[in-house]
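Engineer: Whatever this is, show me its structure:
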Amino acid sequence: MAVALGCAIQASLNQGSVFQEYDTDCEVFRQRFRQFQYREAAGPHEAFNKLWELCCQWLKPKMRSKEQILELLVLEQFLTILPTEIETWVREHCPENRERVVSLIEDLQRELEIPEQQVDMHDMLLEELAPVGTAH
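Structural biologist: Now for the predicted structure:
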């Protein structure tokens, strides 16, 4: 996922959020970690060490609690599993925390009158209608 988390994790701890400020540098490290390729290293030892370094630069384990790190990882994965249109819409609204992310999606579904289960059904129907070997 090359799309920046951007403002999706910008709230600071002093505002009651489990997210620390998520700046551009942090996003760069996240992208480097996610996009690192084995062939970029001289061997398995170097590859593992480089991934470890990139992960630490991104997640800052010396500054963040386990819960904060888990929150970042789950939020990133949650955003990647959303349908593209919803993911884009959520990112544009810069949610501060997981409750706000869920609330935004629920609000959007109510606004569009799409029950939660229909979002999955819509994707399933698209897959069934798409000819084999084509992407939708």
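Engineer: From here on, just use CA atoms for contacts and neighbour counts.
Structural biologist: OK.
Engineer: For Pro83, see how far away Arg64 is.
Structural biologist: Arg64 sits 30 Å away from Pro83 when distances are taken as C-alpha to C-alpha, to the nearest Å.
Engineer: Please name the residues that touch Phe78.
Structural biologist: Under the criterion of C-alpha atoms under 8 Å, 6 or more residues apart in numbering, Phe78 has no neighbours.
Engineer: Skip ahead from whichever strand or helix holds it and say which helix or strand is next.
Structural biologist: In this structure, Phe78 is located in helix 66-81 according to DSSP states H and E. For helix 66-81, the succeeding helix or strand toward the C-terminus, using DSSP H and E, is helix 84-92.
Engineer: And that following helix, what does it pack against?
Structural biologist: With contacts defined as 3 or more C-alpha pairs under 8 Å, 6 or more residues apart in numbering; DSSP states H and E, the packing partners of helix 84-92 are helix 98-112.
Engineer: rerun at 7 Å
Structural biologist: The elements that helix 84-92 packs onto, with contact taken as 3 or more C-alpha pairs under 7 Å, 6 or more residues apart in numbering; DSSP states H and E, do not include any helix or strand.
Engineer: buried ones in it?
Structural biologist: For helix 84-92, a neighbour-count test (16 or more other C-alpha atoms under 10 Å) marks Ile86, Glu87, Val90, Arg91 as buried.
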